[in-house]
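Asker: Here is the input, now give the coordinates:
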Amino acid sequence: MVLFLAACSSFDGRGLVPGQSTDRDVFAVMGQPADKRAGAQGETVYWYPQLPHGHASYAARMAPDGHLIAVEQRLTEANIAKVVTGIPAEEVRDLLGPPYQPTVFPRLEREIWTYPMRQQGYMYPRWFVVHLSLDDHSVSEAFLMDDPQYVPKDGGRRR
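Answerer: Model (predicted):
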């Protein structure tokens, strides 16, 4: 039964109707969220990251009355462009969702968050990497790089 329910879940919110679907509908379709955060104007945001293999992080935005506002895929080029030096880590998390690999490097005085994603027009998966200062937990550096764990199906050989 559990496998059947897991197979029926839709992490992208397919079938949900903004303005009509309730939080119970969201849980029934998408499952339990990985994270829940307060949003603007009393909204609640339920996070459904598909990292590292799905390369997506879905945010189900809920109105204060418990109805769905929208389901959004947040790992986009437009959103990562908003991650600039100096913004607080909380803003990054509110924009992109929970990171795949948050890692603290005390000697470097940095925390590093990675977000596996796909970039339109680029054939290989990428990682969006965010370096946070341990002093004020703000962005000190952010960049895209090729996924170091990706191995092409042909082992990288060209035909």
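Asker: Quick one: the helices in the protein, in order.
Answerer: With DSSP state H applied, the chain shows helices at 2-8, 23-30, 77-80, 89-96, listed in chain order.
Asker: Among these, show the one with the smallest mean pLDDT.
Answerer: Of all those, the minimum mean pLDDT falls on helix 2-8 (a mean of 42).
Asker: For P116, give me its contacts.
Answerer: 51-53, 55, 100, 125-127, 147 (Cβ atoms under 8 Å, 6 or more residues apart in numbering). Heads up, the C-betas are built off the backbone N, CA and C, glycines and all.
Asker: Ok, P106 next?
Answerer: Going by Cβ under 8 Å, 6+ apart, P106 touches L134.
Asker: and it, how far is that from D12?
Answerer: 38 Å (Cβ to Cβ, to the nearest Å).
Asker: With A40 instead?
Answerer: 22 Å.
Asker: Give me the more crowded residue out of these two.
Answerer: Neighbour comparison, A40 and D12: the larger count goes to D12, with 17 against 8 (by other Cβ atoms under 10 Å).
Asker: how about the residue nearest to F105 when sequence neighbours are not counted, what does it touch?
Answerer: Computed as Cβ to Cβ, 6 or more residues apart in numbering, the closest residue to F105 that is not its neighbour in sequence is I112, at 6.7 Å. Residues in contact with I112, defined by Cβ under 8 Å, 6+ apart, are 101-103, 105, 129-132.
Asker: contacts for stretch 70-86?
Answerer: By Cβ under 8 Å, 6+ apart, the list of residues contacting stretch 70-86 reads 12-13, 16, 18, 30, 55-61, 92, 95-97, 115, 117, 119-120, 128, 130, 138-142, 144.
Asker: Do me a favour and get the end-to-end distance for that stretch?
Answerer: 29 Å (Cα to Cα, to the nearest Å).
Asker: cool, and stretch 135-144?
Answerer: Stretch 135-144 has an end-to-end distance of 24 Å (Cα to Cα).
Asker: Check which residues of it are buried.
Answerer: Under the neighbour-count criterion of 16 or more other Cβ atoms under 10 Å, stretch 135-144 has 139-140, 142 buried.
Asker: likewise stretch 50-67?
Answerer: Neighbour counts over stretch 50-67 (16+ other Cβ under 10 Å) mark 50-52, 54-63, 67 as buried.
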